[in-house]
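>>> Based on what follows, work out the 3D shape:
(chains A and B)
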2 protein chains.
Amino acid sequence: MTKKNAFYAQSGGVTAVINASACGVIKAARKHSDKINKLYAGHNGIIGALTEDLIDTTAESDETVEALMHTPGGAFGSCRYKLKSVEENKAEYERLIQVFEAHDIGYFFYNGGGDSQDTANKVSQISEKMGYPITCIGVPKTVDNDLPITDNCPGFGSVAKYVAVSVREAALDVASMCESSTKVFIMEVMGRHAGWIAASAGLAHEVEGDPPHIILFPEIAFDKEAFLRKVKQSVLEHGYCVIVVSEGAQNEDGTFLADAGGKDAFGHTQLGGVAPFLANMVKDELGYKYHWAVADYLQRAARHIASATDVEQAYAMGEAAVEFAMAGKNAVMPTIVRNEGDTYSWSVGEAKLADVANIEQKMPRSYITEDGFGITKVCHDYLQPLIIGEAHPPYENGLPKIARLKLERVEKKLNKPFKVK
Amino acid sequence: MTKKNAFYAQSGGVTAVINASACGVIKAARKHSDKINKLYAGHNGIIGALTEDLIDTTAESDETVEALMHTPGGAFGSCRYKLKSVEENKAEYERLIQVFEAHDIGYFFYNGGGDSQDTANKVSQISEKMGYPITCIGVPKTVDNDLPITDNCPGFGSVAKYVAVSVREAALDVASMCESSTKVFIMEVMGRHAGWIAASAGLAHEVEGDPPHIILFPEIAFDKEAFLRKVKQSVLEHGYCVIVVSEGAQNEDGTFLADAGGKDAFGHTQLGGVAPFLANMVKDELGYKYHWAVADYLQRAARHIASATDVEQAYAMGEAAVEFAMAGKNAVMPTIVRNEGDTYSWSVGEAKLADVANIEQKMPRSYITEDGFGITKVCHDYLQPLIIGEAHPPYENGLPKIARLKLERVEKKLNKPFKVK
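Below is the predicted model of the structure:
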């Protein structure tokens, strides 16, 4: 077998552990130097392939590569860029193959969510059609935990841990002040279509009465009356109410709660998210003093509170992707398989890209309590192992150390710039 | 010397380490059992004293008391309740003395910020006048770092570490996505009048070009043109712009930036804080895609990322307060003194309550860069030691363990309920 170069790219919203997957890919590629010549990374994901903006990962020291294990964000740059269907934009696919051919790339590792696995799958198909064979392997990643087949997604466990820890901590703050100050605290978390992240807040609930008292999922249509009743009941019973709301919380008709509000003085759609919207509703209808938080990127970048299980799995997925390629597999993605048994353990499985692409795994109804405001035991049992273990990064001057990469560029070989849309 | 009981209360907004101060007070009181009989804690701060709602801390095991070291929030409850002047509300002061007398309380330890030290000072004065002598010692606390005399305030170092760490992490996220997605990220932090918390974000800046690129302080009047120019410049130079804004950022005329916006459809003053307000300004004027976060209580409750220096100092202040009382001191507060020398070290100092009460320590102009958007080296050198050291809490099931107190109530002795306003 002749040696080929390999291409790796990060795609879509980044996570606290996507670089751990990158570390897995790079280390495995280095191990297989008999088959893989150089591993190139796309600068800003697939855009880097289209524009021939390639980073030579061989220039990075072993130490720097190891530091990727505790560096959040996407070290090589990621992108929000979905390739259209082959029919709609054949030129893009042809360009990809041209770049791969020019740089003697025989392996394509694509680290992302459902959209990205769709892209990887299409690249696999087009490469066959165009007669330039390329091994395409997906590397799963998404904080949203919405990929099918895999038990969970790398990136999710860490955001789940962040949310559960933050809610527990902030709730202690609220509990201690509620007598004379804030009675209702609302924390908005990510999850546009699936409530997995919001659900993870439920892990903070250990003892009867523990917060969060209300979780709002995108999967459950918002019921204003029931919600306000529950808020009031919680304040009466516990003195306060802690609410975790998914950014994608929806009305019966499918519109986002946050869109239901008004315009500001400048005619803009409401500035805040769903947390301030609900806060205002609570104040208007019940008169309670409130506070709200929107964690936004903080939650998916919080490597300092990452789940050790998640870091391990993210690394393993990157490593397995390369091993799959070495074993001659193609158009597949490694998955996390939850083993049978009372104690949590997992192993690496395999899914076809075609089966993963573009499918959103929402929360089963059985994971949500009947009243729609909490998680059930089966959900708790599913989520808990994913946040287990701390993976404290090394610190210097009080701050987490981060990998600072050289990001050396590969010399361009094509004499044609390409404009991405 | 006859043995007396002691009273301890937590006051104002709580912090990630105020319970470490409580731990210091309790452990020191237990050590001095020859002079201190029982240590009572006010339930919900001074309200607990007024309503004779006292918690018997002797019921808590040594293990639980030790767990206070890593439990955020106010374990005994805190309050937003400022005693009026003696002239305006003599009844409240008289009631305090009555409760103290009924429970044979000879020591008053009050854990709070400027307002609270004012209360402690007043209690000291009135007790003399009313002929019931009580030893009043303050225990400093405030995330805002705005107490005078003390080099810094317990609670601040941890929120500073949270902000610096969070900004570093989120900025890596933004940096990796900026080519095709979010270009401007705005994080709103606490600090209504003083910019210390916002300033601490500057610690994340280590290498030229490092975020944050802009910090907005309450001490510097907001200059829209200069701000937008700087945002644009940062995006052109670095590809993105990370902004940290103090909730108290102000216009030239002293109005809060966040108040300058409009009303929503329901006629409410703008729901969001200053972060969404600025995000909208950036979008309107420069057209950049933005994201924003409001950390709110998350920042001051984040015990999981507390500064070890801060935890140590918080404990030491509680312990020193009791030692001061044992040494016969009165109407004073322990302070943190920064020792001379190249390496950071600190010792316990002392300030009169009268000198601490009601004085807000803002940032010196020399701590802010000339353009008003960053911190100077002298500020950096002041802040850095305060975030040094990690004080990871113990974890169980993936979550930080917290103290769960019995909160056993002391039997009431007065036959008169008291209504707080």
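>>> Remind me which helix or strand the most far-flung residue of chain A relative to its centre belongs to.
Distance from the C-alpha centroid of chain A, by C-alpha atoms, centre = their mean, peaks at A:S180 (38.6 Å). A:S180 is part of no helix or strand, with elements assigned from DSSP states H and E.
>>> any bit of the one helix or strand in chain A whose mean pLDDT sits lowest sitting next to chain B?
For chain A, using mean pLDDT, DSSP states H and E, the weakest element among its helices and strands is helix A:114-129, scoring a mean of 90. No. Helix A:114-129 does not reach chain B (C-beta under 8 Å from any C-beta of the partner chain); its nearest approach is 12.9 Å. Yep, even glycine has a C-beta here, placed from its N, CA and C like the rest.
>>> What of stretch A:137-147?
No. Stretch A:137-147 is not in contact with chain B by C-beta under 8 Å from any C-beta; minimum separation 10.7 Å.
>>> list the buried ones in the least confident helix or strand of chain A?
Buried residues in helix A:114-129, counted by 16 or more other C-beta atoms under 10 Å in any protein chain shown: A:114-124, A:126-127.
>>> how far does that helix sit from the chain's center?
Distance of helix A:114-129 from the chain centroid (C-alpha atoms, centre = their mean, to the nearest Å) equals 20 Å.
>>> Can you name the residues in contact with that helix?
The list of residues contacting helix A:114-129 from outside it, by C-beta atoms under 8 Å, 6 or more residues apart in numbering or on different chains, reads A:11-12, A:46, A:82-83, A:85-86, A:93-94, A:96-97, A:100, A:108, A:110, A:112, A:133-134, A:136-138, A:140-142, A:146-147, A:330-331, A:333, A:353-354, A:356-360.
>>> got a list of what the closest residue in space to A:C23 that isn't next to it in sequence touches?
Distances taken as C-beta to C-beta, 6 or more residues apart in numbering or on different chains place A:L68 nearest to A:C23, at 4.1 Å, with adjacent residues excluded. Contact analysis of A:L68 by C-beta under 8 Å, 6+ apart lists A:N19, A:A20, A:A22, A:C23, A:I26, A:A75, A:A403.
>>> With neighbour count, secondary structure and pLDDT as extra columns, can I get these in CSV?
Output for the contacts of A:L68, formatted as CSV (neighbours: other C-beta atoms under 10 Å in any protein chain shown; DSSP: H, G, I helix; E, B strand; the rest coil; pLDDT from 0 to 100):
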residue, neighbour count, secondary structure, pLDDT
A:N19, 34, helix, 98
A:A20, 30, helix, 98
A:A22, 30, helix, 98
A:C23, 26, helix, 98
A:I26, 27, helix, 98
A:A75, 30, coil, 98
A:A403, 21, coil, 97
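>>> Turn these into CSV, columns for distance to B:D381.
As requested, the contacts of A:L68 are exported to CSV (distance: C-beta to C-beta, whole Å):
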residue, distance to B:D381
A:N19, 31
A:A20, 34
A:A22, 35
A:C23, 35
A:I26, 38
A:A75, 30
A:A403, 26
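>>> Kindly indicate which of those lies nearest chain B.
Taking C-beta to the nearest C-beta as the measure, chain B lies nearest A:A75 of the contacts of A:L68, at 7.2 Å.
>>> my guess is the closest one contacts A:A403, does it?
Yes. Look at A:A75 against A:A403 with C-beta atoms under 8 Å: they come within range, at 6.2 Å.
>>> can you list residues touching both of the two?
Overlap of the contact sets of A:A75 and A:A403 (by C-beta under 8 Å, 6+ apart) consists of A:N19, A:L68.
>>> Now for A:A314: which residues touch it?
A:T15, A:V17, A:I18, A:A20, A:S21, A:G24, A:K141, A:P154, A:G155.
>>> May I have the phi/psi pair for it?
The phi/psi pair for A:A314 (degrees, to the nearest 10) reads phi -60, psi -40.
>>> sorry, back to before: the residue farthest from the centre of chain A: what's its closest spatial neighbour, skipping adjacent residues?
B:C79 (4.2 Å).
>>> I'd assumed A:T182 was in contact with the one you found.
No. Counting by C-beta under 8 Å, B:C79 does not reach A:T182; the two are 11.4 Å apart.
>>> So the residue nearest to A:S180, which state does it fall into?
coil (DSSP: H, G, I helix; E, B strand; the rest coil).
>>> gap between A:K84 and chain B?
15 Å (C-beta to the nearest C-beta, to the nearest Å).
>>> Please read the previous query as pertaining to A:R365.
Taking C-beta to the nearest C-beta, one finds A:R365 at 25 Å from chain B.
>>> Please apply the same query to A:V311.
A:V311 is 13 Å from chain B, by C-beta to the nearest C-beta.
>>> Look at B:C79 and A:T182 and report which has more neighbours.
When neighbours are counted by other C-beta atoms under 10 Å in any protein chain shown, B:C79 and A:T182 differ, and B:C79 comes out ahead with 27 against 20.
>>> I would like the residues contacting stretch A:198-206, please.
So stretch A:198-206 is contacted by A:159-161, A:163-165, A:167-168, A:171, A:187, A:189, A:191, A:210-212, A:215-217, A:244-246, A:363, A:367-368, A:374-375, A:379-380, A:383-384, A:387, B:397-399 (C-beta under 8 Å, 6+ apart).
>>> Narrow these to those that are buried.
Buried among these (16+ other C-beta under 10 Å): A:159-161, A:163-165, A:167-168, A:171, A:187, A:189, A:191, A:210-212, A:215-217, A:244-246, A:363, A:367-368, A:374-375, A:379-380, A:383-384, A:387, B:398-399.
>>> Next step: those restricted to strands.
In this view, the buried ones among the contacts of stretch A:198-206 that belong to strands under DSSP state E are A:M187, A:V189, A:I215, A:L216, A:V244, A:V245, A:S246, B:L399.
>>> Nearest to B:T255 among those residues?
Nearest to B:T255 among these is A:M187, at 28.3 Å by C-beta to C-beta.
>>> contacting residues around that closest one?
Residues in contact with A:M187, defined by C-beta under 8 Å, 6+ apart, are A:163, A:166-167, A:170, A:201, A:242-245, A:275, A:292-295, B:298.
>>> does it have beta-bridge partners, and which?
A:M187 forms beta bridges with A:V244, A:A293, as assigned by DSSP bridges.
>>> As a check, name the ranges of all helices in the stretch 251-400 of chain A.
Here the stretch 251-400 of chain A has its helices, by DSSP state H, counting those that start in this stretch, at A:274-286, A:297-301, A:308-326, A:353-356, A:377-383.
>>> Where does the prediction get shaky in the stretch 1-150 of chain A?
Counting by pLDDT under 70, the stretch 1-150 of chain A shows low-confidence ranges at A:1.
>>> can you map out the strands along it?
For the stretch 1-150 of chain A, the strands defined by DSSP state E, counting those that start in this stretch occupy A:4-10, A:36-42, A:54-56, A:105-112, A:135-140.
>>> does the lengthiest helix in chain A come close to chain B?
When chain A is scanned for its longest helix (criterion: DSSP state H), the result is helix A:156-177. Yes. Legend: contact between helix A:156-177 and chain B by C-beta under 8 Å from any C-beta is shown at A:161, A:164-166, A:168-177.
>>> now that helix, how far from the chain's geometric center?
Centre-to-centre, helix A:156-177 and its host chain are 19 Å apart (C-alpha atoms, centre = their mean).
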